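# next comes the sequence, and after it the predicted model I'd like to discuss.
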Amino acid sequence: MRVIHVAPTAFGSQGLFGGGERYPLELARALAAEVDVRLVTFGARPGRWREPGGLELRVLRPLARLRGHPAQPLAPFLPAALGGADVVHAHHYRSLPTRMAAVTARLRGQATVVTDHGLPGGDWGGLARRLFDRYLTVSRCSARVLGAPPERTRVIYGGADPERFAPDSRTARDGVLFVGRLTPHKGIDRLIRALPPGVPLRVAGAGHDPRPPERDYPDLLRRLADGRRVEFLGAVPDRLLPELYRGAAVLVLPSVERTCYGRPVAVSELLGLSVLEAMASGTPVVASRIGGLAEVVADGETGFLVPPGDVAALRDRLAQVLSDRRLAARLGEGARRLVLERFTWRRCAERCLAAYEELL
């Protein structure tokens, strides 16, 4: 079986450091241990290479980006890069490369699969739904939000690498950690307000919103952090993330349904890869009961779920985890156990391969 994945934005310095960018890369790497896999993405420096694990990567240079959006590259050479595939698996349902890849695959008789990561946009008046043989969603929530046809939908979730992200008994745990983009729907402003007195918070991530007021959100966070023990780390290199996770007493993902600017959030958290990476590291999680997070965080067993935007509830749960080491240890052990059972990239790849095999 030969599978070609298409991701509109690369993970890393040529693209973005987000879950929607990490997911295609990690899934393709896990699949490459079983079948022939190529990942096609887009960036300023085109090239082709093969990783030691077997994954072939190809970067195409786009001619332009639709409305300047990083996830909407226009690359006329994409159809040529899809030759020889049995399955074309595109990421971001509403991206231009996904539509182009699906039309190309349809004309060639290749199986078509899509995984959505929350990119907004239209669906060609419903015509786009006919382009895909399978919808492999990252959560049941994602399937509902997308309106994916149940008979063609399989939930494959996502994963974490349990060898990379693992607890270390020699590492002392301290404070609260947030990992993600500094964008209003992540609710970091609520997290800062919810910090118990004297508790340190490390914020790993950078802003990316181009327009006000969201563009100024990182500045707002710094003003809120004044007088508190908050450290903004910026965009942390991928190689340093495991150390951050295993050194935290608790990871928080406080995503909201309405931002501090009063704007409703249509799609907040379809999955939450940072949550899975923290859980693999044996780190308890406190997260908003929103989107797909309730499908991966077992309330009271691997962490706690709180109402989105509820500062008091968030503060109470943080204080509980931080003050009770026995509870924190139990939650962390349960979190890692759950990841090993259900949420490794290998498990995700197994579910993905089973869906491919239905089509061939």
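Cool, got the structure. It should be emphasised that the depicted structure is a prediction, and the values quoted were computed from it without experimental measurement.
# where does the closest residue to residue 196 other than its chain neighbours land in three-state SS?
Using Cβ to Cβ, 6 or more residues apart in numbering and skipping residues adjacent in sequence, the residue nearest residue 196 is residue 319, 4.8 Å away. All C-beta spots, glycine's among them, are computed from the backbone N, C-alpha and C. Assigned with DSSP: H, G, I helix; E, B strand; the rest coil, residue 319 falls in the helix class.
# just checking, what packs against whichever strand or helix holds residue 346?
Here residue 346, judged by DSSP states H and E, is contained in helix 345-357. Under the contact criterion of 3 or more Cβ pairs under 8 Å, 6 or more residues apart in numbering; DSSP states H and E, helix 345-357 touches helix 19-31, strand 111-115, strand 134-137, strand 153-155.
# got the ones you listed as TSV, with distance to residue 123, mean pLDDT and mean neighbour count columns?
As requested, the helices and strands packed on helix 345-357 are exported to TSV (distance: least, Cβ to Cβ, whole Å; pLDDT from 0 to 100; neighbours: other Cβ atoms under 10 Å):
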stretch	distance to residue 123	mean pLDDT	mean neighbour count
helix 19-31	18	94	23
strand 111-115	11	98	25
strand 134-137	12	98	25
strand 153-155	15	98	18
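# could you dump the ones you listed into CSV and include distance to residue 172?
Output for those, formatted as CSV (distance: least, Cβ to Cβ, whole Å):
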stretch, distance to residue 172
helix 19-31, 28
strand 111-115, 38
strand 134-137, 38
strand 153-155, 37
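# which one of these lies closest to residue 212?
For the helices and strands packed on helix 345-357, distance to residue 212 was read as Cβ to Cβ. The smallest value, 23.6 Å, belongs to helix 19-31.
# give me the next element, helix or strand, following the closest one.
Next element after helix 19-31 (DSSP H and E): strand 36-42.
# now whichever helix or strand comes after that next one: how far from the chain's centre is it?
Once the chain leaves strand 36-42, the next helix or strand it forms, by DSSP H and E, is strand 47-50. Computed by Cα atoms, centre = their mean, to the nearest Å, the separation of strand 47-50 from the middle of its chain amounts to 24 Å.
# right, I'll call it a day here.
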